[in-house]
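Peer 1: Could you look at this predicted model? Sequence included:
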Amino acid sequence: MPLGIVYIAGNDLVKSTTFHIVNIPQTDGAEGDDTGMTLGERIKLLRNRKGWGPGELSEASGVSRAYLWQLETGGKDRPTLDTLEKLARALDVRVSELAEDDPSLAPSRALPRGLAEFLRKRGKFYGLQAGDIEVLSNIHYRGNQPNAAEDWELLYLFLKKWAG
């Protein structure tokens with residue numbers, strides 16, 4: 001379950017459910033035949049692998065056929081998280097797998113070094129998704145963020161337990 005963004009200001013803790021999609025490049029050297037693709041190309045590939053036409057994916061996901069066409073042809077490049085979740089569910093993949101390697105979904109800023117290291121070492125183990133990564137990258141306490149990968153891991157585990 002993706003976590004909401006947590007804002008920490010002074011002694012107050014406020015939970016929000018705003019999400020942004022980010023892209024974390026693969027670092028383990030494992031590449032499949034669908035890396036380096038745009039979101040639209042990946043949707044079309046995954047749809048074709050299931051033997052579906054646009055109509056079948058539209059019906060299974062609840063996303064209109066016209067909008068799917070726009071996504072697949074590059075007319076739309078920033079779908080909402082809700083749309084990505086519907087498509088991922090219908091295609092039997094995680095949102096992070098669906099959006100992986102799409103330059104239009106790349107983060108607007110670099111991840112903190114310790115967070116990037118944590119993702120490289122343990123991201124797949126924990127099954128971190130794009131929303132989780134965005135949550136972590138936005139956490140600041142008294143203007144600071146953790147430095148070490150181990151600190152990011154502890155923070156993630158705390159938030160996972162706290163959010164349920």
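Peer 2: Alright, I've got the coordinates. None of these values were measured; they are calculated from a predicted model.

Peer 1: List the contacts of stretch 89-97.
Peer 2: With contact meaning CB atoms under 8 Å, 6 or more residues apart in numbering, stretch 89-97 is reached by 21, 24, 43, 46-47, 50, 57, 60-61, 81, 84-85, 88, 98, 127-131. From N, CA and C alone the C-beta is placed, and that goes for glycine too.

Peer 1: Take these and keep only those in helices.
Peer 2: The helices, defined by DSSP state H, take in 43, 46-47, 57, 60-61, 81, 84-85, 88, 98, 130-131 from the contacts of stretch 89-97.

Peer 1: Buried ones among those residues?
Peer 2: 43, 46-47, 57, 60-61, 81, 84-85, 88, 98, 130-131 (16 or more other CB atoms under 10 Å).

Peer 1: Out of the residues you listed, which is nearest to L68?
Peer 2: L57 (6.0 Å; CB to CB).

Peer 1: Name the nearest residue to that closest one, ignoring sequence neighbours.
Peer 2: Sequence neighbours aside, R47 is the residue nearest to L57 in space, at 4.9 Å (criterion: CB to CB, 6 or more residues apart in numbering).
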